[in-house]
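> Compute the structure for the input listed below.
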Amino acid sequence: MLLSGCGQIPAAQPPVAPLPVNPQSPNPPAPSASSSDVPSVTAAAADGGDICEYSVSGVAARPVAAPPTTGVPTSGTVSYLLAMTNGDVKITLDRAKAPCTVNSFVSLADQGYFDKTKCHRLADSGIFILQCGDPSGTGKGGPGYEFANETDGTESYGEGVVAMANGGPGSNGSQFFLVWADSTSLDKNGDFTIFGKMDKASRDVVASMAEEGQDGSNPDGTGRPNNPCEITTATRL
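Here you go, the predicted model:
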């Protein structure tokens, strides 16, 4: 099924994840993506991990075909090179840890969904993340479908982690975040599917963009990066 957008972005909904106004709060701002008003359907690998479910939700920020739902790989890794403003960022995705999440990312990346998109949110106090994956650049855009978390309670958001942003359980779409410095204060939430990691050279690239700061435009003290933080291309290695 083709999930296509018409230039419209789903209306923002109140994020479920805690978003303190004061960035110095002991509970740092959590990554969030706008959730849709369409109820989510549990989407997880089943029967040996070869079946995934993705429920239609909202309007796609960029025309895209839905991911395959059967024959989903549940072992091994796959790597992508994100060509970004300050250099190349290599991410290695773990199919065994989060097969449905990796399946979705692979589908989107291979269709060029992430190409020429700017990362829209930077947190640089308390937690250190660069949030990307919305072609609209607003933080409200998604792929026109959503799926469930793949978490087990052992998540730890140390430096180098690649994880999904969401607006609550079951609202994963296309937005993800890159942890460029230790953000284990997020561990108590554990609400964000970890599906990959960056190597040190890639973390340094993300850190170099983050060093330019952000505009503080969000109520939680995060904001749009001052650096363009653009993903020019996302290429499978």
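> Tell me how far Gly142 lies from Gly153.
For Gly142, the distance to Gly153 equals 26 Å [CB to CB, to the nearest Å]. In this view, the C-beta of every residue, glycine as well, is placed from N, C-alpha and C.
> Contact partners for Tyr113?
Going by CB atoms under 8 Å, 6 or more residues apart in numbering, Tyr113 touches Arg62, Val64, Pro135, Pro143, Ser174.
> how many neighbours does the closest residue to the first one other than its chain neighbours have?
What it means is Arg62. Distances taken as CB to CB, 6 or more residues apart in numbering put Pro135 closest to Arg62, at 4.2 Å, once the chain neighbours are dropped. When counting by other CB atoms under 10 Å, one arrives at 25 neighbours for Pro135.
> Verify the assumption that Lys197 is located in a strand.
Yes - using DSSP: H, G, I helix; E, B strand; the rest coil, the secondary structure at Lys197 is a strand.
> Neighbours of it, how many?
Lys197: 21 neighbours (other CB under 10 Å).
> Kindly report the same for Lys188.
9.
> likewise Arg236?
10.
> Kindly provide the distance from it to Thr77.
12 Å.
> any idea which residue sits dead centre in this structure?
Computing the C-alpha centroid of the chain and ranking residues by CA atoms, centre = their mean puts Phe176 first, at 1.0 Å.
> Just the helices from this structure, written as ranges.
99-110, 200-210 (DSSP state H).
> just to revisit the earlier point, contacts only, for the residue nearest to Arg62.
With CB under 8 Å, 6+ apart, Pro135 has these contacts: Ala61, Arg62, Tyr113, Phe114, Lys116, Thr117, Gly141, Ser174.
> Spell out which residues sit in contact with the second one, please.
With contact taken as CB under 8 Å, 6+ apart, Arg62 is in contact with Gly5, Tyr113, Pro135, Gly141, Pro143.
> just to revisit the earlier point, and the spatially closest residue to the residue nearest to the centre of the chain that is not a sequence neighbour, how many neighbours?
In this structure, Phe176 finds its nearest non-sequential neighbour in Gly133, 4.8 Å apart by CB to CB, 6+ apart. Neighbour count for Gly133, taken as other CB under 10 Å: 27.
> Kindly report the same for the one 3 residues further on.
Using other CB under 10 Å, the number of residues around Ser136 comes to 19.
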